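*Asks:* Quick check, what structure comes out for this input:
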Amino acid sequence: MGNRATTTKKPSVQHTSVPCAPKPTSSKYLTNFKATVATSVAPIPWDALQLGQSLSRSSSGQLYQGTYCGKTITVQRLADYLVQSPSLVSTINSISTLQHPNVVSILGYSCDPHDNLHLVTDWMAGGSLASALQCFNLSMTGRMMPIAIDVCRAMVYLHAQTPAFIHGNLTSGNIFLSDKGAHVADMGFAALEGEETLPLCGVPMWTAPEVLLGDENLGEKADVYSFGIGTCGNKYELERPPSLVLAELHTGSPPIQLLRAIVADGLRPMMPKSASAEVKLLYERCVSVKPTERPAFAEILTILETQRQATQR
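*Replies:* Okay, the predicted model is just below:
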């Protein structure tokens with residue numbers, strides 16, 4: 001876990017251009033944010049940050065590599081719909097209380113001259129799991145196993161909070177890697193997305209059928225479904241490539257045929273042939289159409305740790 005941000009001598013400033021000028025109402029939302037955000041979320045002067053290269057973009061915002069007080073950090077420019085959400089402050093306040101080695105911690109926040117809100121978080125040198133999957137063959141018999149176990153540990157911790165902290169968008173793009181293992185990020189933002197945008201949370205391939213149908217609020221078992229898709233079923237042997245699905249999502253038009261296939265026809269990514277029978281069974285349980293048939297993360301963690309021990313003998 002990183003140390004909380006503190007004020008020190010300001011380093012020299014190097015900023016990349018900040019995209020997307022805010023709407024005129026941004027100042028009003030920022031004033032409320034600054035007045036009500038928890039004191040544990042430290043305000044960081046914008047000119048104390050050195051903003052580097054753009055890393056990736058998700059529905060919750062744009063990620064940049066940055067430096068603060070000589071330490072490499074991640075800077076996330078939050079999307080406008082998040083800044084304008086009445087639940088943003090309570091969500092960030094809740095995230096700021098989380099303390100777990102497999103959960104990305106918030107170090108503070110900063111506002112640029114255009115009133116864009118940025119979160120400063122731990123730096124993850126290994127990038128996202130999504131990027132790793134594009135470059136490496138990660139299987140549950142090899143390097144994916146410790147990643148899946150770390151994610152399980154994070155989710156056991158999140159679901160043990162009172163009330164349970166539901167991630168809502170546990171995709172490979174929200175799992176980050178470092179020399180200390182895997183770390184879960186962007187907890188809770190998916191529910192805020194649902195307030196103003198499409199009536200579904202996250203990316204459809206990872207989203208539980210009951211959430212796609214709008215039948216239930218986000219629950220713990222929806223996170224289990226996403227975990228199964230993003231780790232056990234990481235080969236994504238779908239009829240249509242994920243890149244095409246994501247491209248359609250960015251146009252604002254959900255891929256209706258894919259949603260129908262997931263909800264009505266039980267379309268799921270296929271497990272790699274190399275997976276053990278135990279892992280295949282676990283995957284099938286995680287992505288069951290019925291939430292009650294999906295295991296809790298505590299059980300998943302026990303199964304995976306047992307599997308890892310068996311392969312190490």
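*Asks:* In which helix or strand does the residue lying closest to Val211 once chain neighbours are set aside reside?
*Replies:* Nearest residue to Val211, sequence neighbours excluded (C-beta to C-beta, 6 or more residues apart in numbering): Ala222, at 5.3 Å. From N, CA and C alone the C-beta is placed, and that goes for glycine too. Per DSSP states H and E: Ala222 is located in helix 220-227.
*Asks:* ok, back up a step: just checking, the residue nearest to Val211 touches Gly168?
*Replies:* Yes. If you go by C-beta atoms under 8 Å, Ala222 and Gly168 touch, sitting 7.2 Å apart.
*Asks:* Looking at these two, which is more packed in?
*Replies:* More crowded of Ala222 and Gly168, by other C-beta atoms under 10 Å: Ala222, with 28 against 25.
*Asks:* Show the pLDDT at the nearest residue to Gly230 once chain neighbours are set aside.
*Replies:* Nearest residue to Gly230 in three dimensions, chain neighbours excluded: Ser172, at 4.8 Å (C-beta to C-beta, 6+ apart). As predicted, Ser172 sits at a pLDDT of 86.
*Asks:* check contacts around Ser172.
*Replies:* Counting by C-beta atoms under 8 Å, 6 or more residues apart in numbering, Ser172 touches 128-130, 133, 230, 234.
*Asks:* Recalculate using a threshold of 6 Å.
*Replies:* 129-130, 133, 230 (C-beta atoms under 6 Å, 6 or more residues apart in numbering).
*Asks:* So the residue nearest to Val211 is in contact with Glu210, correct?
*Replies:* No. Here Ala222 lies out of contact with Glu210, judged by C-beta atoms under 6 Å, at a distance of 7.0 Å.
*Asks:* For the protein, which segments count as helices?
*Replies:* Along the chain, counting by DSSP state H, helices occupy 26-36, 80-83, 88-96, 129-135, 144-159, 189-196, 209-213, 220-227, 242-250, 256-263, 277-286, 297-311.
*Asks:* any idea which of these is most buried?
*Replies:* Mean neighbour count (mean count of other C-beta atoms under 10 Å) peaks for helix 220-227 among the helices of the chain, with a mean of 25.
*Asks:* For the chain, which strand extends over the most residues?
*Replies:* If you go by DSSP state E, the chain has its longest strand at strand 49-58.
*Asks:* How about residues contacting stretch 283-298?
*Replies:* With C-beta under 6 Å, 6+ apart as the test, stretch 283-298 has contacts from 152, 155-156, 159, 209-210, 221, 224-225, 228, 232-233, 268, 271.
*Asks:* how about those residues, which pair is most distant?
*Replies:* Greatest spacing in the contacts of stretch 283-298, by C-beta to C-beta: His159 and Met271 (24.4 Å).
*Asks:* show me what contacts Ser56?
*Replies:* Counted by C-beta under 6 Å, 6+ apart, Ser56 has contacts Leu63.
*Asks:* 8 Å instead, please
*Replies:* By C-beta under 8 Å, 6+ apart, the residues touching Ser56 are 62-63, 128, 131, 173.
*Asks:* before we move on, what about Asp179?
*Replies:* The neighbours of Asp179, taking C-beta under 8 Å, 6+ apart as the test, are 125-126.
*Asks:* Run through the stretch 51-200 of the chain and note the low-pLDDT ranges.
*Replies:* 136-142, 192-200 (pLDDT under 70).
*Asks:* Quick check, central residue of the protein?
*Replies:* The chain has Asn174 as the residue nearest its centroid, 2.8 Å off, counting by C-alpha atoms, centre = their mean.
*Asks:* How many neighbouring residues does the spatially closest residue to that one that is not a sequence neighbour have?
*Replies:* Among residues not flanking Asn174 along the chain, Asp186 sits closest, at 4.5 Å (C-beta to C-beta, 6+ apart). Using other C-beta under 10 Å, Asp186 has 25 neighbouring residues.
*Asks:* How about the contacts made by Asp186?
*Replies:* 58, 60, 167, 169, 174.
*Asks:* can we see that at 10 Å?
*Replies:* Neighbour list for Asp186: 58-61, 76, 95, 104, 119, 121, 167-171, 173-176, 202 [criterion: C-beta atoms under 10 Å, 6 or more residues apart in numbering].
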